[in-house]
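Student: What would the 3D arrangement of this be:
(one chain, ligands or ions: 2)
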Amino acid sequence: MSTPLTDRHQRVHRSLRISVVDKCDLRCTYCMPEDQHFLRREELMTREEIHAIARVFVDHFGINKIRLTGGEPLVRPDTVAIVRDLTQLNIPLGLTTNAMTLDRHLEGLIDGGLKSINISLDTFDAERFKKITRRDGFEKVHANILLALERGMRVKVNMVVMRSVNDDELLRFVELTQHYPIHVRFIEFMPFAGNHWGRERVYTYAEMLGRIGSEHSFEKLTDDPHSTAKAYRVADWLGTFAVISTVTEPFCGSCDRLRLTAEGKMRNCLFSREETDLLSALRRGEDIAPLIEANVLAKHAMLGGLPPFKPESQEEVLHDLSVRPMVSIGG
Ligand code: SAM
Ligand code: SF4
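Tutor: Ligands and ions are numbered 1, 2, ... in the order given. Just a heads-up that it's a prediction; the model follows:
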C-alpha cells in the first residue's frame, strides 16, 4: 500500500521528472550557460540506480507518472534501456528531447514501450535555430517531429517564446495544429542561473492569447487538475495548443511534480534552492523513503520560495535564483 506524498500545504505529488544526463548536443541560450561544466560519468545515476530510485517513488508513494529529461536524454547511450526498465513499472512514461538524434533511437524507444514524446523546437527558421541553440540542426529536428508522428507517437512540441527572438513565429506554431494531431505548448521564458533572463524578455500568456486571437478563433479545453499547461483548440483543427504561464500566472497550488537531477538529487520545485541527495544515501545502503518524504514536506508554497516574477522584483529574483541552470535541473 503506498502513501501519497503530501507537502505541508496539503498538495499531493504524483509525477516525477528524472534527468538522466546533464550533457546536451545543443546549447540553447535560455537553458545552458556558455561556461557550463558537466558531471563526470561516475557522478551520474547508473541505469540500475535510476530504476531503484524510481521504484521507491512508485511503490511507496504512489507516483503515477514519470518523464525522462536532461540535458538531452538521447545523448546517454543507455536511455533506450532505461525506458525499457521504467515501462516495467506500468505507469505512463514520457520523454522530453530536442530530437536531434531521434531517428536513430525511435524504433528502440517504441519497442521499449514509449508512446508519447515532447520535442523542443523554438523556430522554423534554420538560421534562427542556429542562433538560439548555438548549433545547426533545424532540418534534423523538423524531420524527426514528422517521423515521430508517422510512427504513431503522441507528440507535443515545446516552444519557449522570447520577445524579439521568436515571438513573431507564434502563429506559425499554432498553424502546425491545423493538419497534424500535435499539441504545441508555448512556454513563458523562465529565469535560471546564467540564462540572461529579464522580465521584459518574457512574451506573456496574455500577449500570446491576444496575438493568436487576432487571427483565429479558439476554444478553451478542460485541463487536467494537475496540468501546468492551459489548453486551447482552434475550432475543427486536429491538434491543440497550450500555454505554460510560469512567470505571469504561476500554477504552484496545483503542481504535482517532483524532480530528480542526473546525479540523484531530489528537488520539490523547478526553482528550489534546497536539494536532497538520494543517490549518496542509496549508495550507502540507506532507506531513501524518509528522505523523499522530508523533501516534499519542506516544499515552499510558491516558486520554490522565490518572490513573484513581477518587474519590480526582478533584481530580487535574479539574486535568489538556484545555482543551477535549467540544463542541469531537467525542465
Ligand atoms: N534537451 C531536452 C529538450 O530540450 O527538450 C530536455 C531538457 S530541456 C531542459 C526541457 C525543456 O525545458 C525544454 O522544452 C526547454 O525548451 C525548456 N526550457 C529550458 N530552459 C527554459 C527556460 N529558461 N524557460 C522556459 N523553458 C525552458
Ligand atoms: Fe539542451 Fe534541451 Fe537545454 Fe536546449 S533546452 S540546451 S536542447 S537541454
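Student: Could I get the buried residue list for stretch 208-218?
Tutor: 208-209, 211-212, 216, 218 (16 or more other C-beta atoms under 10 Å). Heads up, the C-betas are built off the backbone N, CA and C, glycines and all.
Student: Which of the residues you listed fall in strands?
Tutor: Those of those mapping onto strands are residue 218, per DSSP state E.
Student: Out of the buried residues of stretch 208-218, the closest to ligand 2 would be?
Tutor: The closest of the buried residues of stretch 208-218 to ligand 2 turns out to be residue 208 (C-beta to the nearest ligand atom; 19.4 Å).
Student: wouldn't that closest one be in contact with residue 170 here?
Tutor: Yes. Applying C-beta atoms under 8 Å, one finds residue 208 in contact with residue 170, separated by 6.2 Å.
Student: shared neighbours of the two, which are they?
Tutor: By C-beta atoms under 8 Å, 6 or more residues apart in numbering, residue 208 and residue 170 have these common neighbours: 161, 186.
Student: Kindly indicate whether residue 184 is helix, strand or coil.
Tutor: Reduced to three states with DSSP: H, G, I helix; E, B strand; the rest coil, the structure at residue 184 is strand.
Student: State the number of residues packed around it.
Tutor: 23 (other C-beta atoms under 10 Å).
Student: bridging residues for the closest residue to it other than its chain neighbours?
Tutor: Leaving aside its sequence neighbours, residue 184 sits nearest to residue 241 (C-beta to C-beta, 6 or more residues apart in numbering; 4.5 Å). Counting by DSSP bridges, residue 241 is bridged to residue 184, residue 232.
Student: quick one, what contacts residue 241?
Tutor: The neighbours of residue 241, taking C-beta under 8 Å, 6+ apart as the test, are 173-174, 177, 183-186, 212, 218, 231-234.
Student: Now pLDDT and distance to residue 111 too, for the buried residues of stretch 208-218, in CSV please.
Tutor: CSV is the format used below for the buried residues of stretch 208-218 (pLDDT from 0 to 100; distance: C-beta to C-beta, whole Å):
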residue, pLDDT, distance to residue 111
208, 98, 37
209, 98, 40
211, 98, 41
212, 98, 38
216, 97, 38
218, 97, 37
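Student: what does the stretch 51-200 of the chain have sitting close to ligand 2?
Tutor: In this structure, the stretch 51-200 of the chain approaches ligand 2 at residues 70-72, 98, 120, judged by C-beta under 6 Å from any ligand atom.
Student: which pair in the residues you listed spans the largest distance?
Tutor: The most widely separated members of these, counting by C-beta to C-beta, are 71 and 120 (12.2 Å).
Student: more neighbours, the two?
Tutor: Regarding residue 71 and residue 120, a neighbour count based on other C-beta under 10 Å identifies residue 71 as having more, with 30 against 22.
Student: At which residues are the helices of this protein located?
Tutor: All helices of the chain, identified by DSSP state H, fall at 47-61, 79-87, 102-111, 126-133, 138-150, 170-179, 205-213, 278-283, 289-297, 314-320.
Student: Can you tell me which of those helices has the worst average pLDDT?
Tutor: With a mean of 89, helix 314-320 has the lowest mean pLDDT of the helices of the chain.
Student: Quick check: closest non-adjacent residue to residue 65.
Tutor: Residue 65's closest residue in space is residue 15 (C-beta to C-beta, 6+ apart), at 4.2 Å.
Student: contacting residues around the one you found?
Tutor: Listed by C-beta under 8 Å, 6+ apart, the contact set of residue 15 reads 63-67, 226, 256-258.
Student: so which of those residues comes closest to residue 160?
Tutor: Of the contacts of residue 15, the one sitting nearest to residue 160 (C-beta to C-beta) turns out to be residue 67, at 17.3 Å.
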